[in-house]
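Undergrad: Here is my input, please return the structure:
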Amino acid sequence: MRILNQHGSMGFLDLFIIMLVVGGLMYGGARVAQNTAETKAKQPITKTVQQPPVAANTKITWEFDEEQSVWVAKGGTAPACSTPLLKQSPVDPGLATSVLYPGQYRGNNYKAHGGLAFDNLKATDVMVRAPMDADMTGLVRYIEKGEIQYLMTFTNSCGVSYRFDHVYALPPKLQAVADKLPAPKIDDTGGLPLSTPVPVKAGEIIATAVGHPKTNNIAVDFGVYDLRTPNDISKNATWAALHTQYRAQDFYGRCWLEMLPSTDSARVKKLPARDQKSGAISDYCSTAAGNTLSVNGGRP
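TA: Numbering: from 1, shown residues only. This is a model prediction of the structure:
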């Protein structure tokens, strides 16, 4: 409450009281500022540590363990495979005239792959499409009967691989890879895995011609391998003892005739067998005429 003297001005007492109040406020403000500074000084100094970036998903690759005779997924846990495994047939089975069964002897050599022949067509009449999403992990070019041939390997990260041989011409995307390969040698199909795999999608054209045009032998080899688990015939000790050299293929080959879309599968099974000696013998196909063990004790 302000008290004025008779002249309406502030007296000495009033002025003294105001000075006391202002001084107290200034002192209190200074103490608050001092306490705040002291509190901050007592708090631990923290630094923002930048966390290392999370690594991108590592590409799953499959390698064969020779000692254990098993395929092993490298780089993480393999994803589950889609169903069905083969989204489509690699070629139009209506064009084929005969079939080679996988898992039989041909020319005294065991073949884990099969194939299809097209006796009424030219090499360029047959286009091959990827039957499932995969990476082209291997590509080899070699010379056979005076003509360049391509051996192609594709692998899905889930653990299914498929191969084509006797491919005669490639689309530009894959031809660009082939052009960087070593010069082809006669009957030499050896080669290293591609340093940079090439992804393909189911249905994508991966070959624009097949076979040997000069000799009019128009055919393509096709093999499917499930790397996740050995096939049934490999569990037979007698058979397994006869197939130690190429276990990575022989132990994991599958009957692709039974994996095609139902209509195509039925059509292919009705085709005559191309190999005159082994016919419809197969170690992998459940509907085959028999297996190699029942024919000659598992030998050629």
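Undergrad: ok, Met127 - how many residues close by?
TA: 17 (other CB atoms under 10 Å). The C-beta positions use only the backbone N, C-alpha and C, and glycine is treated the same way.
Undergrad: so who does it touch?
TA: Val91, Ile205, Ala207, Thr208 (CB atoms under 8 Å, 6 or more residues apart in numbering).
Undergrad: Now do it against Leu139, distance only.
TA: 18 Å (CB to CB, to the nearest Å).
Undergrad: these two touch, right, His243 and Gln249?
TA: No. With contact defined as CB atoms under 8 Å, His243 does not reach Gln249; the gap is 9.2 Å.
Undergrad: is it true that Ala202 touches Asp133?
TA: Yes. Assessed by CB under 8 Å, Ala202 is found in contact with Asp133 at 5.3 Å.
Undergrad: Could you tell me which residues touch both of the two?
TA: Lys87.
Undergrad: So for these two, which sits in the more crowded spot?
TA: A count of neighbours by other CB under 10 Å puts Asp133 above the other of Ala202 and Asp133, at 18 against 15.
Undergrad: what's that one sitting at in phi/psi?
TA: phi -60, psi 140 (degrees, to the nearest 10).
Undergrad: Tally up the residues packed near Asn216, please.
TA: 11.
Undergrad: swap in Leu271?
TA: Neighbour tally, Leu271, other CB under 10 Å: 17.
Undergrad: just the strands in the stretch 1-150 of the chain please.
TA: 61-65, 70-74, 98-100, 104-106, 109-111, 114-117, 128-129, 134-144, 147-156 (DSSP state E, counting those that start in this stretch).
Undergrad: So what angle separates the directions of the second one and strand 61-65?
TA: With axes from the mean of the first three to the mean of the last three CA atoms, to 10 degrees as the criterion, the two stretches strand 70-74 and strand 61-65 enclose an angle of 150 degrees.
Undergrad: tell me the angle strand 70-74 makes with strand 147-156.
TA: 70 degrees.
Undergrad: quick one: terminal-to-terminal distance for stretch 229-243?
TA: Stretch 229-243 has an end-to-end distance of 16 Å (CA to CA, to the nearest Å).
Undergrad: ok, now stretch 211-225?
TA: From start residue to end residue, stretch 211-225 stretches across 22 Å - CA to CA.
Undergrad: now stretch 267-279
TA: First-to-last distance for stretch 267-279 - CA to CA - comes to 17 Å.
Undergrad: Report the buried residues of that stretch.
TA: Buried residues in stretch 267-279, defined by neighbour count with 16 or more other CB atoms under 10 Å: Arg267, Val268, Lys269, Leu271, Ala273, Arg274, Asp275, Ser278, Gly279.
Undergrad: Doesn't the second one belong to a helix?
TA: So the one you mean is Val268. Yes. Membership of Val268 in a helix is supported by DSSP: H, G, I helix; E, B strand; the rest coil.
Undergrad: For the stretch 1-150 of the chain, give me the ranges with low pLDDT.
TA: When residues are selected by pLDDT under 70, those of the stretch 1-150 of the chain lie in 1-58.
Undergrad: Contacts for stretch 66-75 next, please.
TA: 58-65, 159, 227-228, 230, 247-248, 251-252.
Undergrad: who wins for neighbours among the residues you listed?
TA: Tyr252 (26 neighbours).
Undergrad: Retrieve the pLDDT associated with that residue.
TA: Per-residue confidence at Tyr252 stands at 98 (pLDDT).
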